[in-house]
Every structure is written in structure tokens, then in C-alpha cells.
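Participant: give me coordinates for this.
(chains A and B)
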Number of protein chains: 2
Amino acid sequence: MVTEERIIEALAGVMDPELHRTLVELGMVRNVRIQEGKVAFTLALTIPECPLKDQLVAEAKAAVLSLDGVEEVAIDLTEMTDEEKRRIGLGGAGQPGVAERFNRVRHVVAVMSGKGGVGKSLVTALLAVAFRQDGQRVGVLDADVTGPSIPKIFGLHGVPPMGPLGILPAETRMGIKIMSINLLLPSEDEAVIWRGPLISSVIKQFWGDVVWGDLDWLVVDLPPGTSDAALTVMQALPLSGVVLVSSPQDLAEMVVRKAAQMAQVMQVPLLGLVENMSYFVCPESGRQYNIFGPSHGEEMAWRLGVPFLGRLPLDPRISELCDAGNVEVYTTEAFTPIVRHLLETASEPRRSPVQPARG
Amino acid sequence: MVTEERIIEALAGVMDPELHRTLVELGMVRNVRIQEGKVAFTLALTIPECPLKDQLVAEAKAAVLSLDGVEEVAIDLTEMTDEEKRRIGLGGAGQPGVAERFNRVRHVVAVMSGKGGVGKSLVTALLAVAFRQDGQRVGVLDADVTGPSIPKIFGLHGVPPMGPLGILPAETRMGIKIMSINLLLPSEDEAVIWRGPLISSVIKQFWGDVVWGDLDWLVVDLPPGTSDAALTVMQALPLSGVVLVSSPQDLAEMVVRKAAQMAQVMQVPLLGLVENMSYFVCPESGRQYNIFGPSHGEEMAWRLGVPFLGRLPLDPRISELCDAGNVEVYTTEAFTPIVRHLLETASEPRRSPVQPARG
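Facilitator: Just a heads-up that it's a prediction; the model follows:
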């Protein structure tokens, strides 16, 4: 027989996709009515224009329909009162930092080099893709506010919608969540002429106000330099560590050593070093050319006392795929050992980014 | 006959190399004594440890020795009193901004790209070298405070000395004057972990407190990005204009357009666009490979409405020479038309960087 108790039990298996708690626990289920095989109830939403509303309603419907004897389910929607929202920890919904309380991010890794143009964004993207291929839940936070490349190389456009908890990240074809200033600008080549404090504040928002949800890995793409963006990421985000990117030039090496020194000063672990643009393979002769000089990535990693994670070639196909927004199509074995190393060694975050909503 | 009047007349032809005024005008010549063919006098210096002292004394000696009847010249040195220094406009010697009052810089050009690693420092260096080969007096201000490359590619080390008016720039073999944070750090790979306001203040010091002297061209190497460093250079320096550097990647182009937009917003003229890393010539087959994709520098320049100044290849020899501090040895025809264009079109500075010391 269909009883209110059995219906509530079924709905206790449905999670709110943003709040990570069941509909029953959140007090969303109200006014359950049963008339023979027909069930009707009310769902009190946190915000009626919640973009995940349809998913929630569909799941609730399916759960109740799965009960023996239920033939029809009708759900009507209402909105929680401010007092009710406060009781479930949403006092400040839409307020800064609310998303952060509900996000669960296990590892935050920053990709850094100090030097520009050595391929930080490429390494960030390939790292995210490799994690994703390994079945991990992955996000990319583009902390390069004045020179953001991440949306372009993943082929993403359009303004991310606002959810009840905060900004919803864009999602790539593979399901990697992305947040970047370039998704929020009216056009992708619009300049962001901001001094340091604004740069810092947008990076903090990308951490605290974006609904990352449950992630195994959040990869942060840092801009060149050791100034505001890097300082803010190292101070305000619970980094597991930093992956350094270098190129064979001595010049790059000198600047990368500055980045390594910064991480050490800020007490952020160095997870390893990737060398990009190591060599160019001439498609005709098959010969390798060290366009930026002979590789000394291994020696450099040794001198910094960090694992050498591997090298990537100068490959015209990479540029082509990145320019076309198809970085996810690029296949390379180079990242398999890198990802394995990170999965094995990554410690839990230095401090928990997740704070319980209450008690 | 040797008279005090003739001696003063001779010394009125000797310029103080920093203050750009004659020894007589500055009141440096004192206590002239004549005994037959022997002449002795006192020179009152602004600061006794002035590094240009020997040059000054030698020129003064030569000037007096050139007089008929003078066989021997003895010069003793003393220091001006504070009151005397104040009278010649040196009230604040060693104070911020004093150097600026005595510098005469005709054109200030910033090299910018927005994007990192496209070769701003290389273009800055080759531009400076090409100007120098044309007989111009040239300086390079390295405004990339967190990732400075200029001293390394010119092979410069060591802390620049302090003169009476301010910091004396380092000088390359060709006589290009250089100022960079990396000359002031205890070691070249020391990180500069500073937020924006400190970055801005050091750039302003490199303009106002460095004894650039008489320059035809000061080339400013900007870091990637459109934040503090670029803002400060565009707001605080009397720029003649900006030279944009791009690479063939669409990705780079997008970010370079942001830089161009910033210059337009800040009302700084765009002098032209240089494309770097355009192609790689395989040393065996002689074939050109577009490693970063096909060149569209000309089209991009056209869309921005600026002259296309030329393209530079991806040349392993460049990396090698830069890593060895020998950028001045690199020979390329590529910069001849660029320099010619800049010499022809560069307007006078938007506002005069030189303010008279008094009345």
C-alpha cells in the first residue's frame, strides 16, 4: 500500500545536486497527498529559477514512481521562505562564499611557471583531460585574468548561468568544469585593465562563488609572474601543490626557478616539473631539433629537488587543436605517468575547503 | 699669457656628463692659481664618490692643458655644500625623481603583447641593437619585474652604482643603457613576490631615479598582461607609442588584441606589429614549418589598423645567443625596415619628460 512514510523514504534517496543533501533532509518535501495510485506533493525549492530544477523534479518523480502501486505523480513547486533557507545554511544564498560551503574539492593543483608562453594553459588542459580520462571529476579555474586562454582551447563560449548557490561553471564535451573571466566578458578579446586588488578579488570569487560541486581535482591555471594572482592563489586556495612548467631555454629556467622559490617561500609543495617545447620532430627527416636549446628539464628538476614529470614536444598539431578549441582531442602518452604520479602522491588539501553548513 | 679668465673660458667648454651643464655654469671651479706655466684649481663635486668623477677631471685637465703657455695642471677635489647643491637644482640629490629632471629622453617606446613568451624581450633587445647600430643613443627599461630577461640576454651582471643624481644604468658592450630589477637582486633567480603597488613603484623609480642621461630612444620591455605594470608604464611614462609583438597562434592573437585594446583605451598610439616565431626553417631540407600555425600577422595588423613591421623566424641560434648573453651578436635584416619606420614616424613624446632644474 502507498503510504506517506514510503513516499518520504523514496524521496530520502534523492540528493539535491548542488547542496549534496537529500530533499527530505533539506525539508523540501511538503503536503504529500495520496489518492489510490495517484501521488501529489509540493517541492519547496531554494530558488525557483534554479537551473538544476528540472533534474531535481525528474529524479523525485522517478523515485516515487518506482514504488509499488504508484501510477501517477504530480509535483508542484514553491519557494522556501528566507527563514527556511537560513535553517538549511542558505542564509546568504547569492551572497559571496555560499558556493564554497557546499563545494567538495579534494585536490587543488596550481600550474605555474613564472615565465609566460611556456605552455601553462596547455599543461593545465592536458592534465585536466588526463584526469578526466582516468574517471576523475575535474574542474579548471583560469586564474590568468588578463590573458585567459582556457575557454578558447576547450572551445567554450557564452556566459555561465547563475544558480541559487553561485555561478555555474561551463562544461566541456568531456565534462570538465571550467571557470574563466573570458566566459564573462562581452567579447573574448576585450581587455581586462585591472590593478592587482581586482585581479585578486575575481580569483577569490572563482573559488568561493562558483558551484564546483564534487570534484576530485581542481586545476588552477596561473598567469606568468609572481605577483598578485599567484599570491592570491597560494594564500586563499587550499593548494595540494604546484606543478611547474618550463621550456628548455636557460632564460625560461631562470624565471621558473623564481616561481619555484615563491612556492617554497609560501610553503606550497612542488609536485613536479613538466618540460614543454622540448623538441620539434621534422615531419620529413624525422630528426629532432632543439629549437629552444638542449633539454635540461631533468637536471633542473633534480636541482629543485622535485620529480621530473616528463616532456612535451613542439607539435604543430597541438597549436592547431588548441586554436580550434579541440584540446580534448589531442592524444599523448606523455600525461599518463604524470597523472599516475599525482594520483599516488597528492596529499589531502592542507586545510579543508569544505565547511559544513551547520553543526 | 695664461690668465684666470682664459682658464675659466676653457673650462666653460667642459660639460658635467650627468647634469648636462658646464663646470663653470655649475659653479664647480674654485680657487684658480697660476704660477708661470703651472695651473692649479679646485673642482667642487656634487658627490665625491661620483663614478663619473675621473672622466670629469680628465676633461677639465685636457681643456686647460690645451691653452697656450700651460705646461702643468693640478686639480684638487672638494665637495659642494648642501646649499651650493640646492642652488644648482640638486636640493634633493639622492631624492626620488632628481634624475628625471636631468634626463633628456626623446622617444619612449613600449614593447607589449599581453601574451607571455611570444618574444617581447627579444624584440625589445633587437630593436635596441638596431637603433644603436643606426647611431642612436639607446636605453632599455625592463618593466617585467617578476620575470626580467633583459640583463641575461645582454649578458649583464652586477649591481649598478649610485651616482649623485640617482642609479647609473648598466651598459652593454655596444653602449646600450640597461635598468632591470635583476641587476639589483642578490641572485638572478631570486623571486620578486610583490603585489601591484610595489611593482608600480619600482617601474616609476626606473624612470625617475635612473640616470639615463641623453637618449634618443628608451625601449620599455613590458611583462605579459594588462594589469599594474602596463598601466603604470602607460600612465606614468611619456610614451611615444607601443610596438605589439604577436605569434602566429590564434590564442596569442586573441590576447594581443586585448593589449592593443588597452593601448587604445589609454590613448597610447600603436606604432606597429611584429610577428615572432613565424616559422622554423629545417636546416636540412630548408623547408619552412609553421610550428605555431600559419602566419596571419599581416591580416591582424590590418584589422588593428597598424603597420605590419615584419616577422622573425623560430631560430635556434637566437635562443642560443640569448642564453649566452650575446643577443648583440645576432644579425638580422628583419629590424632594418622596422627601425626605419619608427625613425620616420615616431612623434615627439606626448609630454616632455624633461623639466628644467630651475627657472
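Participant: going forward, measure contacts and count neighbours with C-alpha atoms only.
Facilitator: Will do.
Participant: number of nearby residues for residue A:282?
Facilitator: Neighbour count of residue A:282, defined by other Cα atoms under 10 Å in any protein chain shown: 19.
Participant: wait, it touches residue A:289, no?
Facilitator: Yes. Assessed by Cα atoms under 8 Å, residue A:282 is found in contact with residue A:289 at 7.4 Å.
Participant: any residues in contact with both of those two?
Facilitator: Here residue A:282 and residue A:289 have no joint contacts, going by Cα atoms under 8 Å, 6 or more residues apart in numbering or on different chains.
Participant: now the element after the helix or strand harbouring residue A:100, going C-ward?
Facilitator: Counting by DSSP states H and E, the element that carries residue A:100 is helix A:98-102. Using DSSP H and E, the helix or strand that follows helix A:98-102 in sequence is strand A:104-112.
Participant: starting from that following strand, tell me which strands it pairs with and how they run.
Facilitator: Using DSSP bridges, strand A:104-112 pairs in its sheet with strand A:214-221 (parallel), strand A:241-246 (parallel).
Participant: what comes into contact with that strand?
Facilitator: With Cα under 8 Å, 6+ apart as the test, strand A:104-112 has contacts from A:120, A:123-124, A:212-224, A:237-245, A:259, A:346-349, A:353-354.
Participant: which element follows it toward the C-terminus?
Facilitator: Following strand A:104-112 in sequence, per DSSP H and E, is helix A:120-133.
Participant: name the residues of the stretch 201-350 of chain A found near chain B, please.
Facilitator: Contacts of the stretch 201-350 of chain A with chain B, taken as Cα under 8 Å from any Cα of the partner chain, map to A:224-228, A:231, A:249-251, A:254-255, A:257-259, A:261-262, A:282, A:290-293, A:314-316, A:319-320, A:322-323.
Participant: filter those residues down to just the ones in helices.
Facilitator: Counting by DSSP state H, these place A:228, A:231, A:250-251, A:254-255, A:257-259, A:261-262, A:316, A:319-320, A:322-323 in helices.
Participant: among those, who's most crowded?
Facilitator: Counting by other Cα under 10 Å, top hit in those: residue A:259 with 30 neighbours.
Participant: buried residues, the lowest-mean-pLDDT helix or strand in chain A. List them.
Facilitator: Lowest on mean pLDDT, DSSP states H and E among the helices and strands of chain A sits helix A:82-87, with a mean of 81. Across helix A:82-87, burial judged by 16 or more other Cα atoms under 10 Å in any protein chain shown covers A:84, A:85.
Participant: and for stretch A:142-159?
Facilitator: A:142-156, A:159.
Participant: how about residue A:296: what's its closest non-neighbour residue?
Facilitator: residue A:248 (6.2 Å; Cα to Cα, 6 or more residues apart in numbering or on different chains).
Participant: can you pull the contacts of the one you found?
Facilitator: A:275, A:276, A:277, A:278, A:292, A:293, A:294, A:295, A:296, A:297.
Participant: again, but for residue A:65
Facilitator: Contacts of residue A:65 (Cα under 8 Å, 6+ apart): A:71, A:72, A:73.
Participant: report the beta-bridge partners for the last one.
Facilitator: Partner residues in beta bridges with residue A:73: residue A:39, with DSSP bridges as the criterion.
Participant: and it, how many neighbours?
Facilitator: 17.
Participant: same check on the second one?
Facilitator: When neighbours are defined as other Cα under 10 Å, residue A:72 has 14 of them.
Participant: poorly predicted segments of the stretch 51-200 of chain A, please.
Facilitator: For the stretch 51-200 of chain A, the stretches flagged by pLDDT under 70 are A:91-95.
Participant: which one of the strands paired with strand A:104-112 lies nearest to residue B:185?
Facilitator: Among the strands paired with strand A:104-112, the nearest to residue B:185 by Cα to Cα is strand A:241-246 (21.9 Å).
Participant: contacts made by that closest one with the rest, please.
Facilitator: Residues from elsewhere that reach strand A:241-246, judged by Cα under 8 Å, 6+ apart: A:108-113, A:115, A:118-120, A:123, A:252-253, A:256, A:259-260, A:263, A:268-276, A:297, A:346.
Participant: re earlier: ranking the strands paired with strand A:104-112 by burial, who's on top?
Facilitator: strand A:241-246 (a mean of 27; mean count of other Cα atoms under 10 Å in any protein chain shown).
Participant: what segments of the stretch 251-359 of chain A are strands?
Facilitator: Taking DSSP state E, counting those that start in this stretch as the criterion, the stretch 251-359 of chain A carries its strands at A:270-275, A:280-281, A:288-289, A:308-311.
Participant: which strands and helices lie in contact with the last one?
Facilitator: Packed against strand A:308-311, as judged by 3 or more Cα pairs under 8 Å, 6 or more residues apart in numbering or on different chains; DSSP states H and E, are the following elements: strand A:270-275, helix A:297-304, helix A:335-345.
Participant: go on, the second one?
Facilitator: Strand A:280-281 sits against strand A:288-289, with contacts defined as 3+ Cα pairs under 8 Å, 6+ apart.
Participant: residues touching the strand it packs on, excluding its own?
Facilitator: Defining contact as Cα under 8 Å, 6+ apart, one finds that strand A:288-289 is touched by A:279, A:280, A:281, A:282.
Participant: and which of the residues you listed is nearest to residue B:171?
Facilitator: residue A:279 (34.3 Å).
Participant: these two touch, right, the closest one and residue A:286?
Facilitator: No. Between residue A:279 and residue A:286 there is no contact under Cα under 8 Å: 11.5 Å.
Participant: out of the two, which sits in the more crowded spot?
Facilitator: residue A:279 (22 against 9).
Participant: pLDDT at that one, what is it?
Facilitator: At residue A:279, the pLDDT value in this model is 86.
Participant: do you know how far it is from residue B:323?
Facilitator: 17 Å (Cα to Cα, to the nearest Å).
Participant: same question, residue A:291
Facilitator: Distance from residue A:291 to residue B:323, by Cα to Cα: 13 Å.
Participant: who touches the nearest residue in space to residue A:107 that is not next to it in sequence in this structure?
Facilitator: The shortest distance from residue A:107 to any residue other than its chain neighbours is 4.8 Å, reached at residue A:217 (Cα to Cα, 6+ apart). Contact partners of residue A:217, counting by Cα under 8 Å, 6+ apart, are A:105, A:106, A:107, A:108, A:109, A:131, A:136, A:137, A:138, A:139.
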